[in-house]
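# sequence-free structure coming up:
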Ligand SMILES: NC(=O)c1ccc[n+]([C@@H]2O[C@H](COP(=O)([O-])OP(=O)(O)OC[C@H]3O[C@@H](n4cnc5c(N)ncnc54)[C@H](O)[C@@H]3O)[C@@H](O)[C@H]2O)c1
Ligand SMILES: O=C(O)C(=O)C[C@@H](O)[C@H](O)[C@H](O)COP(=O)(O)O
Ligand SMILES: [Zn+2]
């Protein structure tokens, strides 16, 4: 098992990465405020992993309240959040009840937001079971829900007490979801870690074959990167925004196509290709660099052509991005492979050219 730390002074917490961690309740017990937890999960993950987690905790006299939600991005909303509050209240959960998120990023974001707001704040633990959640969403404390008009528009920064990433759970993850997680892994290479991008170019086949050693390294390196960025800029007043590469376009794809039709990681991959195209038009990336990015996404089984929503619709949807300042959209672009920047100074013509020329015609 590997242990990393997210350094946030009195709110610092460990990220534990390893195999069969769900079978080790001793890793969780020291992080509970009292021996009562609510495990929040969904109809897909519950039959796979809930019993194991409950059994270990119950053996240690922990009272467990399971809360099983419907599965899917379309349920990351206020109605589902209310289901969590209903269950917490009807079970008389207290300020020292710890919420445990068992699942992917949807469960993690919902649970984190419920924890941030229930009784004005209760402790929570992330047990991510998708690659995407293990490399990104479980770390850093961005929690929240979608609004019909935009992704993650309602939420809070609220850090977990512990992240427990059990790599063994990835054995049941569908291939499409594994690929979606790889989009965020590739992101770290692109924005701040050229050697990692090159490692990914060399090792993508192993990752796609779920080689445990390669997966462990990719998860560890991604979490190290995210932990460093979050420790330096927890509330996204500066460099944390770089973690949003591909997301301004990607979130427009997700909401524009209807939540759940494009997976988050798929939208991030196609959105990153749009960001790379703008970066090329600005003279920062050459054709060879854009081709390398495209090839890596393709090797990872990800889409590289965004849907043709029309430039006006893209601009409209992106106008609700959280990075908008003074009505101007701020984009995360690539200065070169391994280095990102944030800028609002993109000529509208350039943006429109990307939005209409890089999309897949249907
Ligand atoms: N908070 C953050 O910093 C952050 C970062 C990135 C993404 N996100 C959010 O995370 C969400 C995407 O997360 P995701 O990709 O994990 O999607 P997800 O939570 O929808 O999970 C993907 C699918 O895999 C299933 N699943 C989960 N674990 C499984 C397992 N071990 N075996 C089999 N099936 C399993 C889920 O039930 C679901 O059907 C989006 O809402 C995105 O906005 C948040
Ligand atoms: O942790 C961050 O910061 C990120 O931006 C990580 C992203 O991968 C993630 O999708 C995040 O939820 C997007 O944040 P948002 O503020 O654009 O909703
Ligand atoms: Zn993301």
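That came through, no problem. What you see is a predicted model; the values in this text were computed from it and never measured. Ligands and ions are numbered 1, 2, ... in the order given.

# where does the stretch 151-300 of the chain have low pLDDT?
Across the stretch 151-300 of the chain, nothing is flagged by pLDDT under 70.

# How about it: which residue is closest to ligand 2?
Here the residue of the stretch 151-300 of the chain nearest ligand 2 is residue 152; by Cβ to the nearest ligand atom that distance is 3.3 Å. C-beta: built from backbone N, CA, C; applies to glycine.

# List the neighbouring strands of the strand or helix carrying that residue plus their orientation.
Per DSSP states H and E: residue 152 is located in strand 150-157. Paired with strand 150-157 in the same sheet, following DSSP bridges, are strand 142-147 (antiparallel).

# quick one, domains of this structure?
2-172, 175-360 (automatic domain parsing).

# Adding mean neighbour count, write the ones you listed out as CSV.
Formatted as CSV, the domains of the chain follow (neighbours: other Cβ atoms under 10 Å):
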stretch, mean neighbour count
domain 2-172, 19
domain 175-360, 19
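
# Turn those domains into a markdown table, including distance to ligand 1.
Shown next, in a markdown table, are the domains of the chain (distance: least, Cβ to the nearest ligand atom, whole Å):
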| stretch | distance to ligand 1 |
| --- | --- |
| domain 2-172 | 2 |
| domain 175-360 | 4 |
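
# Contacts only, for the nearest residue to residue 84 once chain neighbours are set aside.
Counting by Cβ to Cβ, 6 or more residues apart in numbering, residue 114 is the residue found nearest to residue 84 once chain neighbours are left out, at 4.4 Å. Residue 114 makes contact with 40, 81, 84, 85, 88, 99, 124, according to Cβ atoms under 8 Å, 6 or more residues apart in numbering.

# can you tell me the average pLDDT over the host helix or strand of residue 114?
Assigned by DSSP H and E, residue 114 belongs to helix 105-117. Helix 105-117 shows a mean pLDDT of 99 in the predicted model.

# can you check stretch 11-26 too?
On average, stretch 11-26 scores 98.

# is any part of it close to ligand 2?
No - using Cβ under 6 Å from any ligand atom, stretch 11-26 never reaches ligand 2; the gap is at least 13.7 Å.

# so how far does that stretch reach from one end to the other?
Stretch 11-26 has an end-to-end distance of 21 Å (Cα to Cα, to the nearest Å).

# Residues touching that stretch, excluding its own?
With Cβ under 8 Å, 6+ apart, stretch 11-26 has contacts from 1-6, 27, 49, 52-53, 56-57, 59-60, 62, 127, 134, 138-139, 159-169, 212, 216, 219-220, 223, 227.

# In strands, which of those appear?
2, 3, 4, 5, 6, 127, 162, 163, 164, 165, 166 (DSSP state E).

# related to what we said a few turns ago, let's see which of the contacts of residue 114 end up in strands.
Checking those against DSSP E, those in strands are 40, 99, 124.

# Does the first one touch residue 69 like I think?
What that stands for is residue 40. Yes - using Cβ atoms under 8 Å, residue 40 makes contact with residue 69 at a distance of 6.8 Å.

# contacting residues for residue 6?
So residue 6 contacts 12, 13, 14, 15, 139, 140, 159, 163, 227, 230, 231 (Cβ under 8 Å, 6+ apart).

# try 6 Å
Contact partners of residue 6, counting by Cβ atoms under 6 Å, 6 or more residues apart in numbering, are 13, 227, 230.

# Narrow those residues to those in helices?
227, 230 (DSSP state H).

# Show me what from this structure comes close to ligand 2.
Going by Cβ under 6 Å from any ligand atom, the residues of the chain near ligand 2 are 136, 140, 142, 151, 152, 184, 236, 240, 243, 244, 247, 322.

# do that again at 5 Å, thanks
Contact residues, the chain versus ligand 2 (Cβ under 5 Å from any ligand atom): 136, 140, 142, 152, 240, 243, 244, 247, 322.

# could these go into CSV alongside distance to residue 199?
Output for the residues of the chain next to ligand 2, formatted as CSV (distance: Cβ to Cβ, whole Å):
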residue, distance to residue 199
136, 18
140, 22
142, 26
152, 30
240, 23
243, 19
244, 23
247, 23
322, 31
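
# So which of the residues you listed are in helices?
residue 247.

# Excluding chain neighbours, give the residue nearest to residue 80 in space.
residue 69 (5.7 Å).

# measure the one you found to residue 169 for me?
18 Å (Cβ to Cβ, to the nearest Å).

# Measure how far stretch 263-279 is from the centre of its chain, please.
15 Å (Cα atoms, centre = their mean, to the nearest Å).

# what's it in contact with?
So stretch 263-279 is in contact with 132, 180-181, 183, 245-246, 249-250, 253-254, 285, 290, 293, 297, 302-304, 306, 333-334, 354, 358, going by Cβ under 6 Å, 6+ apart.

# Look at the nearest residue in space to residue 87 that is not next to it in sequence and report its pLDDT.
Nearest non-adjacent residue to residue 87, counting by Cβ to Cβ, 6+ apart: residue 67, 4.5 Å away. Looking at residue 67, its pLDDT stands at 98.

# now the angle between strand 150-157 and the helix holding residue 114, please.
40 degrees (axes from the mean of the first three to the mean of the last three Cα atoms, to 10 degrees).

# Now find how far off-centre helix 105-117 is within its chain.
12 Å.
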